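In: Okay, sequence plus prediction incoming.
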Amino acid sequence: MSNCVGAPAELCALSYAEGTLPEAEAEQFEEHYFDCPACLEYLQTIQAMSAVLARRAADEAVHAPPQRAIGWPVPFWALGAAAAILVVGAITYKMELKRPAALPVAHSAPAPSIPAAQPAPVAQPANEPAVEVKPAELADLVLPAFAAPNLRGDSEDAHFLDGMKAYGRGNCASALSSLAQVPSASRDSLAAEFYSGACQAHNGNLAAASATLRAVAGAGDSPQQEAAYYYLAQVALKGNDAAAAHKMLLRTIALRGDLERKAGVEDRKVLALVDRDRETATQIPKVR
């Protein structure tokens, strides 16, 4: 064991690390490397590499298929290759430690940044005058719906039935002609007046519509009273009389019928017009 270089020393160290060296030779090798720093360092390198390969083999045995598992003990040629890699790595590491540190590179100060040109502000259009809303634009003169009676005897007047058939077709001229023949004693007379007033308003005859609808509303409690007040408000709006429309809408709301909600929504718009008219009136100078 006096020859510590060359193939004999490498073969002994590898066999010893593998555990394949006979017991007698293993004891002789142990007595030798205790007193030989070169062989001790070589053996420790091989043992360290053996531990690394053993851990890698265990990891691959867990994560890889069984046929790819690495057997143990590792052949000596593999340990020799690994040992050679460690020796080369150690030499490279020592050379890196002895290499002088690189001089710091002088960096020039960064050039001052030039702000990007900002786009010219876009000229905002001048505030346009608010479009004045007229009461007539809020008027709703659509013909109110009519549900024909389904049972016989609900209406005995033939003129009323004929008039409402024409009304359903949107033929107000024919409807007015038939409804005008309904006698005042008929139980359909008030309904005939209401739908006549609706047709008059639809045709643009506001004065006649106002007179007819006022007669229906003034007749007292009836199925047509609420609708008469509501359409009186529409006639007033069509005539650009917001104050009169407001009064008719309040009477509609007070009856708390089917048109209460609709009248309330419209009345808020009408009130805005009434307030505007009052402000305008106070700003007009009085002529002495």
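Out: In hand now; what should we look at? Numbering: from 1, shown residues only.
In: shaky segments in the stretch 101-250 of the chain?
Out: 101-131, 147-155 (pLDDT under 70).
In: 80 instead, please
Out: For the stretch 101-250 of the chain, applying pLDDT under 80 flags the ranges 101-131, 147-156.
In: How about Gln181: what's its closest non-neighbour residue?
Out: His159 (4.2 Å; CB to CB, 6 or more residues apart in numbering). (Each C-beta comes from the backbone N, C-alpha and C, glycine too.)
In: and that neighbour, how far is that from Gly170?
Out: As for His159, its distance to Gly170 is 19 Å (criterion: CB to CB, to the nearest Å).
In: out of those two, which sits in the more crowded spot?
Out: The residue with more neighbours, out of His159 and Gly170, is His159; 17 against 11, by other CB atoms under 10 Å.
In: check contacts around the more buried one.
Out: For His159, the contact set (CB atoms under 8 Å, 6 or more residues apart in numbering) comprises 178-179, 181-182, 192.
In: Which strand or helix spans it?
Out: Secondary structure from DSSP states H and E places His159 in helix 158-168.
In: Next secondary structure element downstream of that helix?
Out: Beyond helix 158-168 on the C-terminal side, the first helix or strand identified by DSSP H and E is helix 172-179.
In: Can you name the residues in contact with that following helix?
Out: Residues outside helix 172-179 that contact it (CB under 8 Å, 6+ apart): 143, 159-160, 162-164, 166-167, 192-193, 195-196, 199-200, 202-203.
In: Remind me which helix or strand the nearest residue to Val133 once chain neighbours are set aside belongs to.
Out: The spatial neighbour of Val133 that comes closest, neighbours along the chain excluded (CB to CB, 6+ apart), is Leu273 at 6.9 Å. For Leu273, the host element (DSSP H and E) is helix 260-283.
In: hang on, the earlier thing: could you double-check that the residue nearest to Val133 lies in contact with Glu137?
Out: No - look at Leu273 against Glu137 with CB atoms under 8 Å: they stay out of range, at 9.7 Å.
In: Give me the more crowded residue out of those two.
Out: Shown here are Leu273 and Glu137; by other CB under 10 Å, Leu273 has more neighbours (21 against 12).
In: What's the separation between the more buried one and Ala244?
Out: 12 Å.
In: What is the neighbour count of Leu237?
Out: Leu237: 27 neighbours (other CB under 10 Å).
In: Quick check: it vs Ser222, distance?
Out: 23 Å.
In: residue contacts, the closest residue in space to Tyr42 that isn't next to it in sequence?
Out: Closest residue in space to Tyr42, ignoring its immediate chain neighbours: Ala13 at 5.5 Å, by CB to CB, 6+ apart. Ala13 sits next to 29, 33, 39, 42-43, 46 when contact means CB under 8 Å, 6+ apart.
In: Give me the residues contacting whichever helix or strand Ile253 is part of.
Out: Per DSSP H and E: Ile253 is located in helix 242-254. With contacts defined as CB under 8 Å, 6+ apart, helix 242-254 is touched by 135, 138, 217, 226, 229-230, 232-234, 236-237, 259-260, 263-264, 266-267, 270-271, 273-274, 277.
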